[in-house]
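Novice: Need coordinates for the following:
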Amino acid sequence: MSRYYVRKGVHYGTADDMIDCIEELEAKLAKAVEAGVDIAASLNGAISLLERGGKKAAPSDKMFAQMLIDYSASLDRFRTTLAELTGGEKNGD
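Specialist: Below is the predicted model:
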């Protein structure tokens, strides 16, 4: 006799169905993490270039400063999220 699992009104099927679902979600998460790492690397490069004299990239000093603040905050948020998802420590590089 197969067991069916239901949680919060969502039907998960048998234990084998649940295992398949978990494996699929793990694969999707791994792909998302990989994409996030690529994005973070690009963002880190942009921050580095801007910090080394790319003020011409923005129409004003205030806008340039805000761009750096926003980019750095986004990169830090990704690093924190990546550490949480992977069980690792946050890496500043």
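
Novice: What segments of the chain are helices?
Specialist: 15-51, 61-86 (DSSP state H).

Novice: List the contacts of stretch 57-71.
Specialist: 43, 46-47, 50-51, 54-55 (Cβ atoms under 8 Å, 6 or more residues apart in numbering). From N, CA and C alone the C-beta is placed, and that goes for glycine too.

Novice: in that stretch, what counts as buried?
Specialist: The neighbour-count check on stretch 57-71 (16 or more other Cβ atoms under 10 Å) flags 64, 67, 71 as buried.

Novice: And stretch 26-40, by the same measure?
Specialist: Going by neighbour count (16+ other Cβ under 10 Å), the buried part of stretch 26-40 is Ala40.

Novice: Throw the helices of the chain into CSV and include mean pLDDT, thanks.
Specialist: What follows is the helices of the chain, written out as CSV (pLDDT from 0 to 100):
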stretch, mean pLDDT
helix 15-51, 88
helix 61-86, 88
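
Novice: about what we covered before: most neighbours among the contacts of stretch 57-71, which one?
Specialist: Leu50 (19 neighbours; other Cβ atoms under 10 Å).

Novice: Relative to Asp38, how far out is that one?
Specialist: 19 Å (Cβ to Cβ, to the nearest Å).

Novice: circling back: can you add distance to Ala32 and give the buried residues of stretch 57-71 back as a markdown table?
Specialist: A markdown table is the format used below for the buried residues of stretch 57-71 (distance: Cβ to Cβ, whole Å):
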| residue | distance to Ala32 |
| --- | --- |
| Phe64 | 31 |
| Met67 | 25 |
| Tyr71 | 20 |
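
Novice: List just the nearest of those residues to Glu23.
Specialist: Checking those against Glu23 with Cβ to Cβ, the nearest one is Tyr71 at 35.0 Å.

Novice: Local confidence estimate at Asp93?
Specialist: Asp93 is assigned 48 on the pLDDT scale.
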